[in-house]
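fold the following for me, if possible:
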Amino acid sequence: MTAAYRLLIRLLLPLAFVYLWLRGKKAPAYRQRWSERLALQPVPPAYRHGLLIHCVSVGETVAARPLIEGILTQYPHLPVTLSSMTPTAADLAQRLFGSRVHHLYLPIDTPGAMRRFFTKLAPRAAIILETELWPCFLREARCRRVPVMLLNARMSEKSLASYQRNSWLLGPIWQQLRWVAAQTQTSCERFIELGVPADKLASRGNLKFDSHVAATTLSEAHELRQRLARPVVVAASTHKGEDEQILDAFADVLENEPSTLLILVPRHPERFENVAELIGQQGFALQRRSSGDLPDEQHQVWLGDTMGELLLWYAVADVAFVGGSLITRGGHNPLEPVATDTAIVSGPHVFNFKEIFARLDAAGGMRWAEGAEDLAQQLTELLQKSELRSKLQQAARQEFAQDQGATTAMLNDISHCLPQLTKGEKLNMATVEKLNPSAKEEIWYRSDRFEAFQEAYFDPDFWRARDQIKGAATGRSTAWFIAGEKIDMLLRHYYRGGLVGKLNKDRFKREPVAESRAMAEFELLLQLREQGLPVPEPLAARYKKAPWWGYRADILVAVIPGAKDVFKCLSERPLSADEWHKLGAAIRQLHDADVYHSDLNCHNLMLDSADKAWIVDFDKCEFRESGQWREGNLARLLRSFKKEYRKAQEASRDFHWQEERDWPLLMAGYENAR
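Down below sits the predicted model:
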């Protein structure tokens with residue numbers, strides 16, 4: 001991303017909202033949910049650290065349906081967020097997937113909006129359908145180590161030239177992709193021209209080849225055909241400048257086939273009213289799908305002014321005209337009428353789907369129409385000759401019969417980007433509920449651990465009154481051990497350390513809730529548990545605004561049964577070689593997962609009654625790229641042993657540590673844990 005792009009996108013921001021307002025005149029949904037356009041809306045914590053799938057509009061959502069269904073089946077514990085840019089895609093997502101996914105609008109691509117977006121969602125990976133790339137989105141993903149996959153990707157000659165021409169503005173966006181699954185080998189070659197490394201892409205085919213028409217859709221279509229009992233032509237996904245030609249052609253069709261019904265389906269819902277007026281002006285008897293009534297024998301045009309029913313219209317029709325092709329729009333994907341076994345006619349302008357139409361044409365699976373007169377001739381001939389329709393249908397069906405499998409291939413690609421999902425306890429934010437006792441307070445808690453949760457659970461006096469406090473751990477502050485009904489817990493309040501802590505005991509500078517001390521540690525522990533790492537189980541976390549300035553924080557974690565920290569163990573006895581090896585191996589596990597521990601010391605290493613090693617206290621810890629911090633972690637740990645040994649000597653108490661003997665044993669466990 002370039003500085004010029006950042007400046008330009010900020011300057012264009014007011015115009016984006018002007019555009020939404022103007023579109024809202026005809027489609028009121030564009031004037032709603034504006035907070036999402038800047039990522040200012042709250043996001044349920046249950047959808048954090050999940051998978052983000054971006055389908056810009058209806059077409060991408062329909063194409064991605066089998067893939068999304070596969071993801072929901074393959075990763076049932078994984079939160080899935082579906083983003084789009086249009087209200088129609090939002091409505092379709094709700095109808096197709098309901099509460100199984102969380103839907104939101106992808107914000108406008110400003111640096112601030114994308115920073116908020118990734119802070120609130122914290123996705124573990126992002127999937128973009130086709131070619132909807134935004135520089136600020138990709139930069140934020142790279143900074144947060146979120147892999148981005150571009151699936152079902154296509155690159156036309158026109159788009160290639162446009163991206164090459166504007167590379168000075170967009171910057172190196174293509175090199176930031178983890179993986180590209182292109183629809184064709186030709187698209188692969190064009191992506192390589194743009195800078196995608198050859199080992200990060202492959203031709204996987206088109207998801208629409210895997211589109212299957214639901215049995216319920218076919219059943220509904222059969223019933224409609226029986227009730228209509230007349231020839232039917234559908235003109236699908238039409239655009240301004242095209243409807244007039246279609247209606248002119250249909251007038252000629254009626255001269256030869258007067259009982260024919262035209263189902264006219266405009267591409268954009270804001271055009272429904274204008275197209276209805278045009279139909280009336282042309283003198284056709286109109287019925288609207290939105291009325292809920294079927295057209296009777298007097299109606300000549302049925303306006304498809306609803307969304308998400310295109311497959312139904314294709315399945316009802318004898319012949320389908322695929323829109324966007326009589327004007328220089330570039331056409332739309334013809335694979336849907338292929339899936340419904342409907343004879344296809346198209347205009348000449350199909351550069352968006354050039355290869356698919358070329359295959360259909362070569363196989364004799366479609367007809368071309370240069371304009372209104374030609375369209376009328378093609379439609380009339382196909383309506384009159386059922387054997388010709390059958391010939392086209394069979395040719396189209398056979399041409400693409402061997403092209404299925406893109407969904408399976410792309411699911412495999414996703415699994416390679418998300419290998420950790422096959423391991424561990426599969427705990428994640430999907431188990432987390434949010435509680436807001438007041439406007440100044442937010443609590444995250446595990447719904448699988450608590451049937452209900454109370455704010456009072458963060459108050460030691462609440463537990464003391466019930467005689468459930470079993471003990472306390474002291475250090476910089478006190479942490480309370482609580483005997484729970486189902487699981488023993490540790491309650492810890494966050495305190496400031498060092499000189500700052502003498503003036504400000506427990507307030508922290510305000511920041512987004514998701515990035516606050518308790519919530520960040522809570523979420524990190526969930527991720528580490530999911531990977532099977534030896535860390536405590538998080539139960540709940542609280543963020544509470546303090547009066548005037550800052551916030552305070554608390555966390556509840558599960559007690560590790562029978563565990564004792566290494567400092568206490570060494571105060572009682574020397575550790576065995578096997579115990580040192582296990583401690584070193586546990587640290588190595590953490591480092592191999594790229595986890596930086598900000599305070600690795602002998603108090604935060606633990607051994608349980610089965611001599612299993614654990615690591616605790618992940619405040620201010622994070623994932624980091626490999627680097628010298630690993631050696632720094634180990635050096636800090638060594639200093640803590642030396643410090644406690646020196647203090648023990650000064651106090652004339654036992655501390656069974658010998659650097660020459662014990663440290664090499666720990667390092668042997670670290671080095672051999674591969």
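
what strand or helix carries Asn152?
strand 148-153 (DSSP states H and E).

Provide the strand pairings for that strand, with the direction of each partner.
strand 125-129 (parallel), strand 179-182 (parallel) (DSSP bridges).

tell me the first helix or strand C-terminal of the longest one.
The reference is to strand 125-129. Next in sequence after strand 125-129, counting helices and strands by DSSP H and E, comes helix 135-143.

quick one, that next one and strand 148-153 angle?
Put simply, helix 135-143 runs at 130 degrees to strand 148-153, going by axes from the mean of the first three to the mean of the last three C-alpha atoms, to 10 degrees.

mind splitting the chain into its structural domains?
Following automatic domain parsing, one gets these domains for the chain: 3-205, 215-399, 429-558, 564-672.

residue ranges in the chain under the pLDDT threshold?
1, 419-427, 474-477, 501-502, 674 (pLDDT under 70).

now for the top helix by length along the chain, which elements pack on it?
Criterion DSSP state H: the longest helix present in the chain is helix 629-651. Judged by 3 or more C-beta pairs under 8 Å, 6 or more residues apart in numbering; DSSP states H and E, helix 629-651 is in contact with helix 566-572, helix 577-592, helix 659-672. No exception for glycine: its C-beta is placed from N, CA and C like everyone else's.

now do the buried residues in it.
Using 16 or more other C-beta atoms under 10 Å as the test for burial, helix 629-651 gives 629-630, 633-634, 637-638, 640-641, 644-645, 648.

could the C-alpha coordinates of that helix be exported in CSV?
Below are the C-alpha coordinates for helix 629-651, written out as CSV (Å, rounded to 0.1, in the frame of the first residue of the first chain):
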residue,chain,number,x,y,z
TRP,A,629,13.3,-12.9,21.4
ARG,A,630,13.5,-16.7,22.1
GLU,A,631,17.1,-16.3,23.3
GLY,A,632,15.9,-13.3,25.3
ASN,A,633,13.1,-15.4,27.0
LEU,A,634,15.7,-18.1,28.0
ALA,A,635,18.1,-15.5,29.3
ARG,A,636,15.3,-13.9,31.4
LEU,A,637,14.5,-17.3,32.9
LEU,A,638,18.1,-18.0,33.7
ARG,A,639,18.4,-14.6,35.5
SER,A,640,15.3,-15.4,37.6
PHE,A,641,16.9,-18.7,38.8
LYS,A,642,20.1,-16.8,39.7
LYS,A,643,18.1,-14.0,41.4
GLU,A,644,16.2,-16.4,43.6
TYR,A,645,19.3,-18.4,44.4
ARG,A,646,21.1,-15.2,45.5
LYS,A,647,18.1,-14.1,47.6
ALA,A,648,17.9,-17.5,49.3
GLN,A,649,21.5,-17.4,50.2
GLU,A,650,21.1,-13.9,51.7
ALA,A,651,18.1,-15.1,53.7
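
relative to helix 577-592, how tilted is it?
Using the same axes, to 10 degrees: helix 629-651 against helix 577-592 is 140 degrees.

related to what we said a few turns ago, what about the strand holding Asn152, distance to the chain center?
Averaging C-alpha positions (C-alpha atoms, centre = their mean, to the nearest Å) puts strand 148-153 12 Å from its chain's average.

so what touches it?
With C-beta atoms under 8 Å, 6 or more residues apart in numbering as the test, strand 148-153 has contacts from 60, 63-64, 67, 125-131, 133, 138, 141, 176-183, 187, 191, 204, 206-207, 406, 410, 413-414, 417.

could you do stretch 644-653 as well?
Contacts for stretch 644-653 (C-beta under 8 Å, 6+ apart): 567, 570-571, 602, 654-655, 657, 659.

make a PyMOL selection of the buried ones in those.
A single PyMOL command selects the buried members of the contacts of stretch 644-653 (16+ other C-beta under 10 Å):
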select buried, resi 567+570+571+602+655+657
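
now, which of the contacts of stretch 644-653 sits nearest Gly195?
Closest approach to Gly195 among those (C-beta to C-beta): Cys602, at 48.8 Å.

next up, the contacts around the closest one.
Neighbouring residues of Cys602 by C-beta under 8 Å, 6+ apart: 565-567, 570, 637, 640-641, 644.

do Asp413 as well
By C-beta under 8 Å, 6+ apart, Asp413 lies in contact with 149, 151, 179, 181, 202, 204.

can you say which of those are buried?
For the contacts of Asp413, buried by 16+ other C-beta under 10 Å: 149, 151, 179, 181, 204.

beta partners of the second one?
The one in question is Leu151. In this entry, Leu151 is beta-bridged to Leu129, Ala181, by DSSP bridges.

circling back: just after the strand holding Asn152, pick out the following helix or strand.
helix 157-165.

which residues in the stretch 401-550 of the chain form strands?
For the stretch 401-550 of the chain, the strands defined by DSSP state E, counting those that start in this stretch occupy 432-438, 441-446, 469-474, 478-482, 489-493, 538-545.
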